[in-house]
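[1] no sequence on this one, just coordinates:
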């Protein structure tokens, strides 16, 4: 096709196209390259994806050299498009979760109105729906957080794009709208420039760090600023800032752990040595074992063995629940504090551990196996017959944990209960439990469950049913898979 014909069919003049083709000018937008590639595809010889990606990369590289400002605008525009897409996806996910939450809540209310008629099964159903509502509510809150973060990201990129599209401000007026006393504001500005690829602005800001009137009193804010400087490679400014670390006031073990990790990443060995000596000054809250666990791991990563020895002596006084008990055992194992591990596992009968939830019991078994607590494992597996069979995913995890500790009698008993009593509401969960029963060698139970599944499992989701069919074939239940496939074909 001639240049003249090409220009008649598109909103572009012939001189511009000529300059594009002879290399005197680099196209700012991507449409010209897309049009040329479309012409080639229409002629019957399309380029490969690798060639297309290479050409786009070459155009961006040329644009960066020829028109740096347009290059930055193009980069931020692309990032804005991605951020908007993420935002919309997050909103759709929120709507889906809200719909599911509304359905679960309505179902719960219906069950409550029929209490007298369904008294025998009421407690079990109420517990199950409460768990689902809690789970969905948590996910909904996380999804809403994602929406807020995505929306904030879009706003940041819009503001930055508007700044870049306008004339660059004079150097003397740089960042006049930022509170330069606040380390968090400077940290956020550094990260925003880094994500947008604004290398010139980063260089200008880091050069001013030593002269900024920063109020460096909060160790957590200092850690955040150090980490931001590390991400942009500002080694000189890091060296200046770490000199302020010995003057900081520490109360919370969380901030000590955070700052130790950041100092380790920037290689500030001298400041680490000074900081770990101040561990005995910390105020430890026995009702907050998470702080002790985080500090133990941070001290382990910097090799502070003496301070670890001091800190592990405090673990016997901590107030523990199921989650913190598991986490603390793992943290003590990582630092080699086997004496404290044995003291801790001896406290198991007195701790508020949930020994009726299969998921929690599986987690306990796994951590007790890692620390070698054979006596407590034997005690724990005795509770397996009392577990509630509501969640097949939890049952699958428990089967795997029992196999790890060699509790084959309990595996057999649990497998029988699963085959007889387990709910088949979720084809995907059934697929998981079938595989786990197969892995632990419960072949008879696999075939019995496969018989139930082939005729009773609901066919609500084609994707989950497809996974179930695949699982049936994996465990050798070909005949049952055929029966299920015939049911699917009839729907």
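    Received it, and whenever you're ready, just let me know what you need. Just so we're clear, the structure is a prediction, and the values are computed from it rather than from any experiment.
[2] use CA for all of it now, contacts and neighbours both
    OK.
[3] if you count neighbours, what's buried in stretch 328-338?
    Buried positions in stretch 328-338, judged by neighbour count with 16 or more other CA atoms under 10 Å: 328-333, 335, 337.
[4] for it, the distance to its chain's centre please.
    25 Å (CA atoms, centre = their mean, to the nearest Å).
[5] and stretch 226-235, by the same measure?
    23 Å.
[6] for the record, mean pLDDT for it?
    The average pLDDT for stretch 226-235 rounds to 88.
[7] buried set for that stretch?
    So, applying 16+ other CA under 10 Å, buried residues of stretch 226-235: 226-230, 232, 234.
[8] can you check stretch 134-141 too?
    Neighbour count says stretch 134-141 has 136-137, 139-140 buried, by 16+ other CA under 10 Å.
[9] could you do stretch 13-33 as well?
    For stretch 13-33, by 16+ other CA under 10 Å, it's 17, 25-28.
[10] pull up the distance across that stretch, start to finish.
    Start-to-end span of stretch 13-33 (CA to CA, to the nearest Å) is 16 Å.
[11] what about residue 423, how many residues close to it?
    Residue 423 is flanked by 15 other residues according to other CA atoms under 10 Å.
[12] how about it, secondary structure?
    Classification of residue 423 by DSSP: H, G, I helix; E, B strand; the rest coil places it in coil.
[13] so what pLDDT did it get?
    For residue 423, pLDDT reads 77.
[14] that older thread, dump the buried residues of stretch 134-141 into TSV; add pLDDT and secondary structure as well.
    Converted to TSV, these look like this (pLDDT from 0 to 100; DSSP: H, G, I helix; E, B strand; the rest coil):
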residue	pLDDT	secondary structure
136	82	helix
137	80	helix
139	75	helix
140	82	helix
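[15] closest to residue 480 among the residues you listed?
    residue 136 (33.2 Å; CA to CA).
[16] among the buried residues of stretch 226-235, which lie within helices?
    226-230 (DSSP state H).
[17] leaving out the residues flanking it, which one is nearest to residue 455?
    Ranked by CA to CA, 6 or more residues apart in numbering and with sequence neighbours excluded, the top spatial neighbour of residue 455 is residue 484, at 6.7 Å.
[18] got the contact list for that neighbour?
    453-455, 469 (CA atoms under 8 Å, 6 or more residues apart in numbering).
[19] do residue 286 as well
    317-319.
[20] low-confidence ranges, the stretch 51-200 of the chain, go.
    115-126, 153, 156-157, 160-181 (pLDDT under 70).
[21] for it, what spans make up the helices?
    Using DSSP state H, counting those that start in this stretch, the helices of the stretch 51-200 of the chain run over 68-113, 119-165, 183-196, 199-208.
[22] what are the buried residues along the helix or strand harbouring the residue nearest to residue 455?
    Applying DSSP states H and E as the criterion places residue 484 in helix 478-490. For helix 478-490, burial by neighbour count (16+ other CA under 10 Å) applies to 478, 480-481, 484.
[23] could these go into JSON lines alongside pLDDT and distance to residue 221?
    Listed next are the buried residues of helix 478-490 as JSON lines, based on pLDDT from 0 to 100; distance: CA to CA, whole Å:
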{"residue": "478", "pLDDT": "89", "distance to residue 221": "60"}
{"residue": "480", "pLDDT": "88", "distance to residue 221": "60"}
{"residue": "481", "pLDDT": "88", "distance to residue 221": "58"}
{"residue": "484", "pLDDT": "86", "distance to residue 221": "59"}
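[24] which two in those residues are spaced the farthest apart?
    Across those, the longest distance by CA to CA is 9.9 Å; it joins 478 and 484.
[25] so residue 481 sits against residue 454, correct?
    Yes - counting by CA atoms under 8 Å, residue 481 touches residue 454, with 6.7 Å between them.
[26] mind checking pLDDT for residue 311?
    86.
[27] so it makes contact with residue 296?
    Yes - if you go by CA under 8 Å, residue 311 and residue 296 touch, sitting 7.4 Å apart.
[28] so is residue 44 in a helix, a strand, or just coil?
    Looking at residue 44 with three-state DSSP, the answer is coil.
[29] tell me the spacing between the nearest residue to residue 184 once chain neighbours are set aside and residue 134.
    With sequence-adjacent residues excluded and distances taken as CA to CA, 6+ apart, residue 184 is closest to residue 221, at 6.2 Å. The gap separating residue 221 from residue 134 is 33 Å, by CA to CA.
[30] on that earlier part again, Throw the ones in helices among the buried residues of stretch 226-235 into TSV and include distance to residue 70, thanks.
    Shown next, in TSV, are those (distance: CA to CA, whole Å):
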residue	distance to residue 70
226	31
227	30
228	26
229	27
230	28
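[31] pick the one among the buried residues of stretch 134-141 closest to residue 411.
    Closest to residue 411, out of all of the buried residues of stretch 134-141 and judged by CA to CA, is residue 136, at 30.8 Å.
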